[in-house]
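Visitor: Build me a structure from this.
(chains A, B and C)
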Amino acid sequence: MRTLVWFRGKDLRVADHAPLASALATGEFVPLFVLDTHFFAPERARELPNRIQFLLDSLSSLAQNLEHAGSRLVVVRGRSVELVPRIAASLGAERVVAQRWSEPFARLRDQRIAEALDRAQIRFELFEGETLIAPGTVRTGQGGVFSVFTPFARAVDKLLPELGEPLRAPKKLPALPASLGLDEVPIPSMAELGLEENPLVLRGGERAARARLEAFVKGPLSSYASDRDRMDVEGTSRLSADLKFGTLSIRAAYLRAKSAEARGEAPPEQVQKFTSELLWREFAYHTLFDRPELLERPFRRAFEGFPWRDDEAGWMAWVEGKTGYPVVDAAARQLLAEGYVHNRARMIAASFLTKHLMIDFRRGEAHYMRHLVDGDWASNDLGWQWSAGSGCDAQPYFRIFNPISQGERFDPEGGYVRRWVPELAKLPAKWIHQPFEAPAQVLAQAGVKLGVDYPRPIVVLGEGRDRFLAAAKAHFGSDKPPEP
DNA sequence: TTTTGAGTTGTTCGA
DNA sequence: GTCGAACAACTCAAA
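Guide: Just a heads-up that it's a prediction; the model follows:
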């Protein structure tokens, strides 16, 4: 039986890849990747350079891994909606297999492809692997959709012991004929797409992902619960991009952490904290699956029509890292430089934009989505809506992060600020999170001229806070945040 | 149907 | 400087 294994942007691996394993078990197959012109047109690629870079890196690695096992990745260029059915038919494939992709636009695309394949009497099979548990299958006792994390996590926890072991990477794959009569294209380079390589973007591919996982398990995992919040410490897993592009399967990540616990490599409470973070990703995927409108609309409906401010100057300052609040600015600059931001810094930045500046969370969300290497629709949306107060398990409206106290707690020596806001690097820790309060002599010694080398605050924290609280009160008609 | 316990990530104020 | 209370009750989900 001839199968078309359709690799896509979220399953770029050979290990623990259910569609590949299924194809291998049933006979000969062709591995395919479609460079969708929707994303790989130069004008579009320019908007997403960091993710394109990680993806191309991962794609090359996938091609190598397939070749190493005796097969070959067939790469074509065009619209997948047209190409996949056409190629499947021209190859005489009896079925097309892929990993399920559950985000709203992807479901729509897959539905159209399924219809086209159906007309050609070709089977289309989607396999799990994007999440630990299939979205749409975790339900409350009443059969409802969870909208609070903790009960959701408890429900998922009961299902996790049934997770099977990850599938091993196949050692030997059936060879392909030299020519399949398709318009194959090489994997483009960044230069060919008119993009510059960013050396600060993580390397993609399965090998890099596996190395990161092992380094994390042997190092930061043991003190994850406390260090994950420290912006000046490498205390997180840094696996977000690997999980987004599927160069590491979520199941492999989860089970490796559990095995670290079983082998005594890391204390149970630390591992528990990490797996709980993986379940937040799970929660985001499941929530978006059940409520696809969330990418456009607030989870709490009463946030609809909230009087977000048009503040171009504030927006630009936030984007460029010139708000005058060092942690907020460090986050902005890390995003532009690395395509990555520490989780704690993401929350502080999001809170500042949506609360102190009172700018629509969707604007910040889109900006992050554009630059993040790990930019993931479900997680990014859940995080932004949570920060704005409009989301699932939203923080109460009166909980507004103070960037100074957050900085002092989670970047006590100022290492994070010093790295990303170098003009403040010589300030003593006591003033690094509030240079505008530092005595003139301290500033002079650190070589900082406020308003020249580094901006004065664009908004007074108390005033921004009061403005948001007053607007919330006026909009919701009372002090309370609205129900979903 | 009603009750009950709990809910990621905080801040500010005043004693 | 430290500590507890107030913030504001409401919804969720299970019993």
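Visitor: quick one: what helix or strand has A:R77 in it?
Guide: Element membership for A:R77, per DSSP states H and E: strand A:74-78.
Visitor: With A:F33 instead?
Guide: Going by DSSP H and E, A:F33 is part of strand A:29-36.
Visitor: Same check on A:L195?
Guide: Using DSSP H and E, no helix or strand contains A:L195.
Visitor: ok, now which ones touch the residue lying closest to it once chain neighbours are set aside?
Guide: What sits nearest to A:L195 in space, not counting adjacent residues and going by CB to CB, 6 or more residues apart in numbering, is A:P49, at 4.9 Å. Where C-beta positions appear, they are placed from N, C-alpha and C, glycine not excepted. Neighbouring residues of A:P49 by CB atoms under 8 Å, 6 or more residues apart in numbering: A:190, A:195-196, A:198.
Visitor: re the thing from before, pull the residues that contact whichever helix or strand comes after the strand holding A:F33.
Guide: Per DSSP H and E, the first helix or strand lying C-terminal to strand A:29-36 is helix A:37-40. Contact partners of helix A:37-40, identified using CB under 8 Å, 6+ apart, comprise A:9, A:44-45, A:48, A:52, A:77-79, A:188, A:193.
Visitor: about what we covered before: can you select the buried ones from the contacts of A:P49 in PyMOL?
Guide: A single PyMOL command is used to select the members of the contacts of A:P49 judged buried by 16 or more other CB atoms under 10 Å:
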select buried, chain A and resi 190+195
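Visitor: out of the contacts of A:P49, who's nearest DNA strand B?
Guide: Of all the contacts of A:P49, DNA strand B sits closest to A:N198, with 26.5 Å by CB to the nearest atom of the strand.
Visitor: hang on, the earlier thing: right, and out of the contacts of A:P49, which lies closest to DNA strand C?
Guide: Nearest to DNA strand C out of the contacts of A:P49 is A:N198 (CB to the nearest atom of the strand; 39.8 Å).
Visitor: where's that closest one relative to A:E338, distance?
Guide: 8 Å (CB to CB, to the nearest Å).
Visitor: Show the pLDDT at the residue nearest to A:L195.
Guide: Looking at A:P49, its pLDDT is 94.
Visitor: Residue of chain A closest to DNA strand B, please.
Guide: Distances between chain A and DNA strand B by CB to the nearest atom of the strand are smallest at A:T150, namely 3.1 Å.
Visitor: number of nearby residues for that residue?
Guide: Counted with other CB atoms under 10 Å, residues neighbouring A:T150 total 12.
Visitor: How much space separates it from A:R346?
Guide: 21 Å.
Visitor: just the helices in the stretch 251-400 of chain A please.
Guide: A:268-290, A:312-320, A:326-338, A:343-351, A:361-371, A:377-388 (DSSP state H, counting those that start in this stretch).
Visitor: And the closest residue to A:M369 other than its chain neighbours, what's its pLDDT?
Guide: Leaving aside its sequence neighbours, A:M369 sits nearest to A:G375 (CB to CB, 6+ apart; 4.7 Å). A:G375 is assigned 96 on the pLDDT scale.
Visitor: contacting residues for A:G375?
Guide: Contacts for A:G375 (CB under 8 Å, 6+ apart) come out as A:48, A:51, A:244, A:368-369.
Visitor: Then A:R210?
Guide: A:L248.
Visitor: buried sites along the helix or strand where it lies?
Guide: Using DSSP H and E, A:R210 falls within helix A:206-218. For helix A:206-218, burial by neighbour count (16+ other CB under 10 Å) applies to A:206, A:208-210, A:212-213, A:216-217.
Visitor: Now the element after that helix, going C-ward?
Guide: Trace forward from helix A:206-218 with DSSP H and E and the next one is helix A:224-227.
Visitor: Can you list the helices and strands that that next one packs against?
Guide: Where contact means 3 or more CB pairs under 8 Å, 6 or more residues apart in numbering; DSSP states H and E, helix A:224-227 is packed against helix A:268-290.
Visitor: Now do the same contact list for the nearest residue to A:R207 once chain neighbours are set aside.
Guide: Excluding its sequence neighbours, the residue lying closest to A:R207 (CB to CB, 6+ apart) is A:S61, at 6.6 Å. Listed by CB under 8 Å, 6+ apart, the contact set of A:S61 reads A:12, A:204-208, A:247.
Visitor: A:S61 looks like it's in a strand, true?
Guide: No. Using DSSP: H, G, I helix; E, B strand; the rest coil, the secondary structure at A:S61 is helix, not a strand.
Visitor: Any regions of chain A where pLDDT drops low?
Guide: Within chain A, the ranges that satisfy pLDDT under 70 run A:1, A:477-484.
Visitor: So the residue nearest to A:L200 when sequence neighbours are not counted versus A:I52, what's the distance?
Guide: Here the nearest residue to A:L200 in space, its sequence neighbours aside, is A:E338; by CB to CB, 6+ apart that works out to 4.4 Å. Noted for A:E338: a distance of 15 Å to A:I52, by CB to CB.
Visitor: Pick out whichever of the two has more residues nearby.
Guide: Comparing A:E338 with A:I52 by other CB under 10 Å, the one with more neighbours is A:I52, at 21 against 18.
Visitor: Wait, the more buried one touches A:L195, no?
Guide: Yes. The pair A:I52 / A:L195 is scored as a contact, 6.5 Å apart, by CB atoms under 8 Å.
Visitor: any shared contact partners between the two?
Guide: Both A:I52 and A:L195 are in contact with A:A45, where contact means CB under 8 Å, 6+ apart.
Visitor: quick one on the thing from earlier: buried ones in the strand holding A:F33?
Guide: For strand A:29-36, by 16+ other CB under 10 Å, it's A:29-36.
Visitor: Please apply the same query to stretch A:115-129.
Guide: For stretch A:115-129, a neighbour-count test (16+ other CB under 10 Å) marks A:116-117, A:122, A:124, A:126-129 as buried.
Visitor: Equivalent analysis for stretch A:309-327, please.
Guide: Under the neighbour-count rule (16+ other CB under 10 Å), stretch A:309-327 has A:311, A:314-315, A:317-319, A:321-327 buried.
Visitor: what's the closest of the residues you listed to A:L56?
Guide: Within the buried residues of stretch A:309-327, the smallest distance to A:L56 is 25.8 Å, found for A:V319 (CB to CB).
Visitor: And that closest one, how far from A:L278?
Guide: 30 Å.
Visitor: contacting residues for A:R44?
Guide: Counting by CB under 8 Å, 6+ apart, A:R44 has contacts A:H38.
Visitor: repeat for A:A15
Guide: A:166-169, A:206, A:249, A:252.
Visitor: now do 10 Å
Guide: A:21, A:65, A:166-170, A:206, A:209-210, A:247-249, A:252 (CB atoms under 10 Å, 6 or more residues apart in numbering).
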